[in-house]
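> pasted the sequence and its predicted model underneath.
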Amino acid sequence: MTAVFVAAIAGLAPLDVIASLANAGTLCAFVAVAACVLVLRRRDPAARRPFRTPLAWVVAPLAILGCCYLFTSLQVVTQIAFLDRVSGWHIGIIGGSGLYDVAGIEDGRWVEVATPWGPPSDAIFTGRVGAARVSFLPRHGRGHRISPDALNARANIDALKRLGVTDVLAVSSVGSLVEERPPGSFTIVDQFIDRTKGRVSSFFGTGCVAHVSMADPVCPRLSALVADAAGEGVDRGGTYLAMEGPQFSTRAESLLYRQWGCHVIGMTAMPEAKLAREAELPYALVGMVTDYDCWREDEAAVDVTQVLAQLSANAAKARSMVLALLRGLPAERAASPIDTCLDAAIITAKGARDPALVAKLDAVAGRALA
Ligand SMILES: CSC[C@H]1O[C@H](OP(=O)(O)O)[C@H](O)[C@@H]1O
Ligand SMILES: Nc1ncnc2[nH]cnc12
């Protein structure tokens, strides 16, 4: 039984993951052995001892301390994977303008995660709510340091995946393009039109080409769960126009997006949603409406003061929504088709792949490239 279990892990998991988990396991085994030496000295002082252990009361505690120290020097990602009691859910939350922290996370701590794509926007606050693990990343960094056009979305998604996140809930401030979605309302986005320019929008490229489907760009399961958690004032479904920014739109653009049938507008969900799909992460987006952009005749156009005035009310509602979502998750996470979407997307033959790019893809596509 053990052999079958170990063979299955060895055959399916990436080598570096196995190596680091083996390190963690070995250190724990050493701690157990050292503790047992002391327990046996107490319980059975007369036992026959074919191996000599000089100065056991010094050596064993030192061994325990040394192994604990070595454990803390393993990558945080490894420690979390090893110690986790899992329900299967690990929700990554990307907090947009106004949402720089979330409430109610137990055993939380900020961890720095390095990625092959550069640094993410900030450290990630990781902890748990009940049986679910949760990791929170402020999209623009704490203090809102990073402009939407300069976000390193690849690093942000990679870092969440590297930490073991299974599903991503993104929260964004948006302008409304329709009368019926006033400031204060939330839209559970289900479609996008991408008008961003020149942003790096794929983990893949020459040396390892992949074409994931974006026909249905959000995860219906997570979107439904978050819509239920949000309560009143929620519109289920809506098209998000992703603009380049950082300037707001012209009136002509705003009117054009209305004609295109868009419901809300923002500057950050693309390429984030595309990258989440490439990393096989089910993604849902809640747009918190702060303003009516600039399409309404005889009304002042959106500005940051107006957005900020609405933000704190929206953020309080978003915090309750996130907590309700985490507390209401089904006990076990059933597999999603998005978990394995790269199986039908990678086109470059094994022998033709660029090893350097494949190495960079270890976290986001390690499963599919193994
Ligand atoms: C502060 S208004 C413009 C700013 O707010 C939105 O950010 P996020 O999507 O991260 O909430 C919008 O996309 C712009 O970046
Ligand atoms: N009107 C707007 N346009 C783009 N991004 C926004 N974020 C909040 N309001 C916005």
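Sure thing, it's come through. Ligands and ions are numbered 1, 2, ... in the order given.

> just give the nearest non-adjacent residue to the closest residue to ligand 1 within the stretch 51-200 of the chain, would you?
Proximity of the stretch 51-200 of the chain to ligand 1 (C-beta to the nearest ligand atom) peaks at G96, 2.3 Å away. Every residue, glycine included, has its C-beta placed from N, CA and C. Distances taken as C-beta to C-beta, 6 or more residues apart in numbering put S172 closest to G96, at 4.0 Å, once the chain neighbours are dropped.

> and that neighbour, helix, strand or coil?
Reduced to three states with DSSP: H, G, I helix; E, B strand; the rest coil, the structure at S172 is strand.

> G95 is in contact with that one, correct?
No - using C-beta atoms under 8 Å, S172 is not in contact with G95; the gap is 9.1 Å.

> who touches whichever strand or helix holds Y69?
Secondary structure from DSSP states H and E places Y69 in helix 56-72. By C-beta atoms under 8 Å, 6 or more residues apart in numbering, the residues outside helix 56-72 that reach it are 24, 27-28, 30-31, 33-35, 37-38, 41, 53, 79.

> one more time with 6 Å
Contacts of helix 56-72 with the rest of the structure, by C-beta atoms under 6 Å, 6 or more residues apart in numbering, involve L27, F30, V31, A34, V37, L38, R41.

> quick check: the two most widely separated of these?
Between any two of the contacts of helix 56-72, the greatest separation by C-beta to C-beta is 22.2 Å, found for L27 and R41.

> neighbour count: the two, which is higher?
Using other C-beta atoms under 10 Å as the criterion, L27 and R41 rank with L27 on top: 19 against 15.

> list the buried residues in the helix holding Y69.
By neighbour count on 16 or more other C-beta atoms under 10 Å, the buried set for helix 56-72 is A56, A60, A63, I64, C67, F71.

> repeat that for stretch 157-168.
Buried-residue list, stretch 157-168, by 16+ other C-beta under 10 Å: I157, D158, A159, L160, K161, R162, L163, G164, V165, T166, D167, V168.

> now the closest residue to ligand 2 within the stretch 1-150 of the chain: closest residue in space, sequence neighbours ignored.
Closest residue of the stretch 1-150 of the chain to ligand 2, C-beta to the nearest ligand atom: S97 (6.6 Å). Leaving aside its sequence neighbours, S97 sits nearest to S173 (C-beta to C-beta, 6+ apart; 4.2 Å).

> tell me the contacts of the nearest residue to I105 once chain neighbours are set aside?
Distances taken as C-beta to C-beta, 6+ apart put G127 closest to I105, at 3.9 Å, once the chain neighbours are dropped. For G127, the contacting residues are I105, E106, D107, G108, by C-beta under 6 Å, 6+ apart.

> what two of those residues are the furthest from one another?
Using C-beta to C-beta, the contacts of G127 reach their maximum pairwise distance at I105 and D107, which is 7.8 Å.

> which one's more surrounded, the two?
Between I105 and D107, counted using other C-beta under 10 Å, the more crowded position is I105 (21 against 10).

> mind checking what helix or strand follows whichever strand or helix holds F192 in sequence?
In this assignment (DSSP H and E), F192 forms part of strand 191-195. Using DSSP H and E, the helix or strand that follows strand 191-195 towards the C-terminus is helix 220-230.

> for the helix or strand following that next one, what is the distance to the chain centroid?
Next in sequence after helix 220-230, counting helices and strands by DSSP H and E, comes strand 234-236. Strand 234-236 sits 23 Å away from the centroid of its parent chain (C-alpha atoms, centre = their mean, to the nearest Å).
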